[in-house]
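Engineer: With the input below, show me the fold.
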Amino acid sequence: MSADYTTETVHQERVKGGDIETVVDGKKATVNIQQLRSHIPAHCLRPSALYSLAWVLHDSAIYIALLATALCLEDRVLDVGGNGARIALCYFVFPFVAGLPLTGLWVLAHECGHGAFSTNGFLSHTVGLVLHSALLNPYFAWRSSHGRHHQFANNLKTDLNYVPPLRDEYQELFRGQIEIDHMIEDAPIVVLLRILFQQLVGWPWYLVTHITAGPNSSPKKSRGWWDNSHYLPDSSLFRPSEFWNIVISDLAISAMAVVLYALVRRYGMSTMAWAYLLPLMWVNHWIVMITYLHHTSPVLPKYLPESWTYLRGALATVDRDPGPVMRYMFHHIVDLHVVHHLFPRIPHYHAQEATNAIRPLLGDYYHVDKGSWWGALYVAFTQCQWVEADVGKTAQAKLYGKSGDADCPSPVDGISEVDREGILWYRPGRMPLPATVMRSQPAAS
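Structural biologist: Numbers count the residues shown, from 1 in each chain. I've put the predicted structure just below:
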């Protein structure tokens, strides 16, 4: 098996000066990752294989029941309402509803990769490989890159997801044709079309190209645009020791492709399109929306390496509310994500208890947005295009110096010089053309 990039032990070894200053019961307090963990009940960090498997059966049963119902109703709806009613049922209603339990299965496979499914590694990886492969997701490949995202969340050089450009990089995307401080906003229809484009193709394109990642996010220097794929065993994304795990992921997806081919031969392309492909597109949409909105908000900071710590990066995350149905079906990956970034081994069924335990210690570092989840998507597209320093906003957010960091300069106006240069905030602006390849800067080894 590949190295486990998601254990808290590895996280803690990489953290230097990882304390934060918060206010607890009206008094200033210094909190670190070990203190947060000590406040979480011990059972929250111990997943139950039996209970986790029950959730797999739960989501699978819902999808199978929905599919059986749609198959039974297809001809009846055709007889009563005509072909239009059948199309509405099979190509719109069913794919949307069926995409919910399938996304739930994807989330459970994601927990397998974090060790939050079971303490038995073989069981976790087997279940994760089967579930993710059934959804055409490369289990070991994505587990590797996603684990590094958890290690380096919101580090503008080494994070792997939705890393925004700096001012100069953003202006270069327009080849100097605009003045950033006097930009005209995109028309709403343009924003909506770009949202639709990202939600439709963003996930598979990320797996193939590693777009939106930081310039130093890969273990190896890229050999070219083709070398940043989650499907290439010797890709720049992976260490040599991971080669055979990536091969296993590819073989599992190939096996799923054979299964799909056989099903198409048996049931026809039309049935497979609405029974599997369209629900899968909804899964891909939810994955992109969920991950994009975890760390993209005008209230969340981004960090340059000199001001980044594991704890700061993990807390630059927002818990959102997708509504009661999706909270349940998505296993709280949207509304309880802060604690997941801090302690990814906590299974979803203990996340609420763990959040309740540490939330009082986090103070202003805990971010929650109870507004419209869909509205947040529009806000992110219009208000979060690039980042720059904003000392006033840093002070307002109470992101002061790194407590206990011996080489942190003396505070100036409550903010260290390191923080003045290294804490950045989102700015609004026009949307550049969609990214097609990973950033070309040489990767750190």
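
Engineer: show me what contacts the closest residue in space to Leu89 that isn't next to it in sequence?
Structural biologist: Distance criterion C-beta to C-beta, 6 or more residues apart in numbering; nearest residue to Leu89, sequence neighbours excluded, is Val77 at 5.2 Å. Bear in mind the C-beta positions are built from the backbone N, C-alpha and C, glycine included. Residues near Val77 by C-beta atoms under 8 Å, 6 or more residues apart in numbering: 85-86, 89.

Engineer: which element is Val77 on?
Structural biologist: Using DSSP states H and E, Val77 sits within helix 49-88.

Engineer: Name the spans of the stretch 1-150 of the chain whose pLDDT lies under the cut-off.
Structural biologist: For the stretch 1-150 of the chain, residues meeting the criterion pLDDT under 70 lie at 1-17, 24-25.

Engineer: Which parts of it are strands?
Structural biologist: Ranges of strands in the stretch 1-150 of the chain, per DSSP state E, counting those that start in this stretch, are 20-24, 27-31.

Engineer: returning to that earlier point: now do the residue nearest to Leu89 against Thr271, distance only.
Structural biologist: Distance, Val77 to Thr271, using C-beta to C-beta, to the nearest Å: 14 Å.

Engineer: Same check on Met289?
Structural biologist: Separation of Met289 from Thr271 (C-beta to C-beta): 27 Å.

Engineer: got it, and Ile346?
Structural biologist: For Ile346, the distance to Thr271 - C-beta to C-beta - is 40 Å.

Engineer: Give the residue from the two that has the larger number of neighbours.
Structural biologist: Neighbours per residue (other C-beta atoms under 10 Å) separate Ile346 from Thr271, with Ile346 holding more: 25 against 16.

Engineer: and the more buried one, that's in a strand?
Structural biologist: No: Ile346: not assigned to a strand; according to DSSP: H, G, I helix; E, B strand; the rest coil it is coil.

Engineer: quick one, what contacts the most centrally placed residue in the chain?
Structural biologist: In the chain, the residue lying closest to the centroid (C-alpha atoms, centre = their mean) is Thr291, at 3.0 Å. Applying C-beta under 8 Å, 6+ apart to Thr291 gives the contacts 161-162.

Engineer: Tell me how far it lies from Trp142.
Structural biologist: Distance from Thr291 to Trp142, by C-beta to C-beta: 11 Å.

Engineer: next one: Pro240
Structural biologist: Taken as C-beta to C-beta, the span from Pro240 to Trp142 is 19 Å.

Engineer: neighbour count winner among those two?
Structural biologist: Using other C-beta under 10 Å, the more surrounded residue of Pro240 and Trp142 is Trp142, with 21 against 9.

Engineer: Find me the pLDDT at the nearest residue to the more buried one once chain neighbours are set aside, would you?
Structural biologist: Leaving aside its sequence neighbours, Trp142 sits nearest to His230 (C-beta to C-beta, 6+ apart; 6.0 Å). Here, the pLDDT recorded for His230 equals 96.

Engineer: Doesn't His230 belong to a strand?
Structural biologist: No: according to three-state DSSP, the state of His230 is coil, so it is not within a strand.

Engineer: list the contacts for it?
Structural biologist: His230 makes contact with 138, 141-142, 145, 207-208, 210, 237, 246, 249, according to C-beta under 8 Å, 6+ apart.

Engineer: make it 10 Å
Structural biologist: By C-beta atoms under 10 Å, 6 or more residues apart in numbering, the contact set of His230 is 137-138, 140-142, 144-145, 204, 206-210, 237-238, 246, 249-250.

Engineer: and what of Leu173?
Structural biologist: With the criterion set at C-beta under 10 Å, 6+ apart, Leu173 makes contact with 165, 385-386, 429-433, 435.

Engineer: switch the cut-off to 8 Å
Structural biologist: Contact partners of Leu173, counting by C-beta under 8 Å, 6+ apart, are 165, 432-433.

Engineer: How about Met289?
Structural biologist: With contacts defined as C-beta under 8 Å, 6+ apart, the neighbours of Met289 are 199, 373, 377.

Engineer: Would you quantify the distance from Phe197 to Leu207?
Structural biologist: Taking C-beta to C-beta, one finds Phe197 at 16 Å from Leu207.

Engineer: okay, these two: which has more neighbours?
Structural biologist: Leu207 (19 against 12).

Engineer: Surely that one forms part of a strand?
Structural biologist: No: Leu207 is assigned helix when assessed by three-state DSSP, not a strand.

Engineer: my read: it touches Leu135, true?
Structural biologist: No: Leu207 is beyond contact range of Leu135, at 11.7 Å (criterion: C-beta atoms under 8 Å).

Engineer: can you pull out the helices in the stretch 151-300 of the chain?
Structural biologist: Counting by DSSP state H, counting those that start in this stretch, one finds helices in the stretch 151-300 of the chain at the ranges 167-173, 188-209, 243-267, 269-272, 278-294.
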